[in-house]
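> just coords:
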Ligand SMILES: Nc1ncnc2c1ncn2[C@@H]1O[C@H](COP(=O)(O)OP(=O)(O)O)[C@@H](O)[C@H]1O
Ligand SMILES: CC(=O)OP(=O)(O)O
Ligand SMILES: [Mg+2]
């Protein structure tokens, strides 16, 4: 069975096509700059050079059409025709309290995802565009959604409730949900395999440090606490998001700067974090480069970013009353050895014996960056949210086929 996994963002769309019998990735790629001039489609087939096509892609429907054209392209394609795609699995960031597991898309599911637009304004509207775009290009195909929030539905009320009047939770479901759950779930399983111990016995702190970033306390395989909250804005400092701040900053800024609520919301989501403090970029690579050239604002941004992660690691070790391993993953966590060093060299009190040489090694495999005798291990585990999405989709489609055939 061939399954197409889609992670649709507001101006981008990433895809991977899986053969689920072997779990091989047949092709993958991304469309960037959707709706802007000169969109870029990058398509990669195993062992073959990348294809880059620059053209005008005005919306997600056209983007999906281009992806399908590429997958069936005479030279670069891997499928004879698009009917060879049996199912499409989407990443959806916010599932609220409605979804604690992945589901097949139907009218009710689409309605629920729309209800959550306000809670993930950078993400859910884009995911819905992806779902609708697939519907119009592949009307017969089964679509599923896999939620970032689902893994965190195990959090106890002490970690998911805010200390505000409970009527707000009852009426509006204002609570902490957590995100990047598919990634935290995947890397915790891989970490347990790497350590050769059952996940159910482990206390882990997982740090998903990408464009968005979150830490998660994983107690015996289940999410116990996580740094993102009702929306993906809470917690760590991120590429363009502020992370934690005193809520009083919001009304104060509105008054002092004569801004609207929406403008402040946009400032905190799109114009804060690394970008705001460094004044250079939301991309950690560029911030590190500027820091090396002696830029003091870049250094401050880097140090604040690392400090926030270290604080959360400390908090989660306290919340679980111990830790066996700390795991780094996602774009920055997997690739930035300088950031990991900045964080881990100051965790000695907790029993982390950092190994500089191991930290500098580049690999796409899970690896250890502490010494062999370190009481607490630190691992780098490349994430693979797409594989978990494909696996969930595969299970749901097999269940659906079984249910459909028993009805006949
Ligand atoms: N070598 C590197 N050093 C530091 N940061 C990196 C490196 N490679 C990628 N990144 C960072 O990874 C981020 C993207 O991470 P990713 O997990 O792909 O995020 P997302 O899924 O949210 O788009 C980029 O913004 C970039 O800052
Ligand atoms: C939830 C979230 O922040 O996702 P991303 O890191 O993909 O922006
Ligand atoms: Mg990501």
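Yep, it's here. These numbers were taken from a predicted model, which means no experiment stands behind them. Ligands and ions are numbered 1, 2, ... in the order given.

> Residue 317 and ligand 1, how far apart?
24 Å (CB to the nearest ligand atom, to the nearest Å). C-betas here are computed from N, CA, C, even on glycine.

> The residue nearest to residue 81 when sequence neighbours are not counted: what's it in contact with?
Leaving out its chain neighbours, the residue that sits closest to residue 81 by CB to CB, 6 or more residues apart in numbering is residue 72, at 5.8 Å. Neighbour list for residue 72: 79, 80, 81, 82 [criterion: CB atoms under 8 Å, 6 or more residues apart in numbering].

> give me the element residue 197 is part of.
Secondary structure from DSSP states H and E places residue 197 outside every helix and strand.

> Counting neighbours, what do you get for it?
Residue 197: 13 surrounding residues under other CB atoms under 10 Å.

> how about the closest residue to residue 45 other than its chain neighbours, secondary structure?
The shortest distance from residue 45 to any non-neighbouring residue, by CB to CB, 6+ apart, is to residue 27 (4.8 Å). With DSSP: H, G, I helix; E, B strand; the rest coil as the basis, residue 27 sits in strand.

> secondary structure element for the closest residue to residue 385 other than its chain neighbours?
In space, and not counting its chain neighbours, residue 385 is closest to residue 182: 4.4 Å by CB to CB, 6+ apart. Assigned by DSSP H and E, residue 182 belongs to helix 181-195.

> May I see the buried residues of that helix?
181-188, 190-192, 194-195 (16 or more other CB atoms under 10 Å).

> what sits up against it?
If you take CB under 8 Å, 6+ apart as the criterion, helix 181-195 is touched by 91, 146-152, 198-199, 202, 204, 206, 208, 214, 216, 218, 221, 223, 226, 324-325, 327, 329-330, 366, 368, 377, 379, 381, 383-385, 387-389.

> Near ligand 1, list only the ones from the residues you listed.
residue 330 (CB under 6 Å from any ligand atom).

> Now the buried members of the contacts of helix 181-195.
Neighbour-count burial (16+ other CB under 10 Å) applied to the contacts of helix 181-195 gives 91, 146-152, 199, 202, 204, 206, 208, 214, 216, 218, 221, 223, 226, 324-325, 327, 329-330, 366, 368, 377, 379, 381, 383-385, 387-389.

> Residue numbers of the stretch 201-350 of the chain in contact with ligand 2?
With CB under 6 Å from any ligand atom as the criterion, the stretch 201-350 of the chain meets ligand 2 at residues 210, 211, 212, 232.

> show me what contacts the third one?
In this structure, residue 212 makes contact with 179, 180, 228, 232, 238, 239, 241, judged by CB under 8 Å, 6+ apart.

> can we see that at 10 Å?
Shown in contact with residue 212 (CB atoms under 10 Å, 6 or more residues apart in numbering): 93, 122-123, 148, 179-180, 228, 232-233, 235-236, 238-241, 273, 330-331.

> Which ones among the contacts of helix 181-195 lie within strands?
The strands, defined by DSSP state E, take in 91, 146-147, 204, 206, 208, 214, 216, 218, 223, 226, 325, 327, 329, 368, 377, 379 from the contacts of helix 181-195.

> how far is stretch 231-238 from where the chain is centred?
The chain centre lies 12 Å from the centre of stretch 231-238; the measure is CA atoms, centre = their mean, to the nearest Å.

> For it, buried residues please.
231, 232, 233, 234, 235, 236, 237, 238.

> any idea of the pLDDT on the closest residue to ligand 2 within the stretch 251-400 of the chain?
Going by CB to the nearest ligand atom, ligand 2 is nearest to residue 330 of the stretch 251-400 of the chain, at 7.3 Å. Looking at residue 330, its pLDDT is 96.

> now do residue 47
Note on residue 47: pLDDT of 66.

> Could you report the neighbour count for the residue lying closest to the residue of the stretch 251-400 of the chain closest to ligand 2 once chain neighbours are set aside?
Residue nearest to residue 330 in three dimensions, not counting chain neighbours: residue 210, with 3.5 Å by CB to CB, 6+ apart. Here the number of neighbours of residue 210 (other CB under 10 Å) works out to 18.

> likewise residue 27?
23.

> Next: residue 89.
Count around residue 89 with other CB under 10 Å applied: 29.

> How much space separates the residue nearest the centre of the chain from residue 212?
Taking CA atoms, centre = their mean as the criterion, residue 180 is the residue nearest the geometric centre of the chain, at 4.1 Å. Taking CB to CB, to the nearest Å as the measure, residue 180 falls 7 Å from residue 212.

> next one: residue 51
Residue 51 is 28 Å from residue 212, by CB to CB.

> now residue 41
23 Å.

> Which residues belonging to the biggest helix by length in the chain are considered buried?
Longest helix in the chain, counting residues (DSSP state H): helix 296-320. Applying a neighbour-count criterion of 16+ other CB under 10 Å, the buried positions in helix 296-320 are 298-299, 301-302, 305-306, 308-310, 312-314, 316-317, 319-320.

> what angle separates it from strand 213-219?
20 degrees (axes from the mean of the first three to the mean of the last three CA atoms, to 10 degrees).

> tell me the angle helix 296-320 makes with strand 325-329.
140 degrees.

> Which one of the residues in this protein is closest to ligand 1?
Relative to ligand 1, the nearest point of the chain is residue 331 (2.0 Å; CB to the nearest ligand atom).

> List the residues that contact that residue.
Going by CB under 10 Å, 6+ apart, residue 331 touches 208, 209, 210, 211, 212, 213, 239, 283, 284, 285, 383.

> Out of those residues, the closest to residue 31 would be?
Distance ranking of the contacts of residue 331 against residue 31, using CB to CB, places residue 211 first at 16.6 Å.

> what's the neighbour count on residue 137?
19.

> isn't residue 64 right next to residue 88, touching?
Yes - if you go by CB atoms under 10 Å, residue 64 and residue 88 touch, sitting 9.2 Å apart.

> shared neighbours, these two?
4, 6, 15, 130, 134, 135, 137, 138.

> export those residues to JSON lines and tack on secondary structure and pLDDT?
As requested, the shared contacts of residue 64 and residue 88 are exported to JSON lines (DSSP: H, G, I helix; E, B strand; the rest coil; pLDDT from 0 to 100):
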{"residue": "4", "secondary structure": "strand", "pLDDT": "98"}
{"residue": "6", "secondary structure": "strand", "pLDDT": "97"}
{"residue": "15", "secondary structure": "strand", "pLDDT": "96"}
{"residue": "130", "secondary structure": "helix", "pLDDT": "92"}
{"residue": "134", "secondary structure": "helix", "pLDDT": "94"}
{"residue": "135", "secondary structure": "helix", "pLDDT": "94"}
{"residue": "137", "secondary structure": "helix", "pLDDT": "91"}
{"residue": "138", "secondary structure": "coil", "pLDDT": "94"}
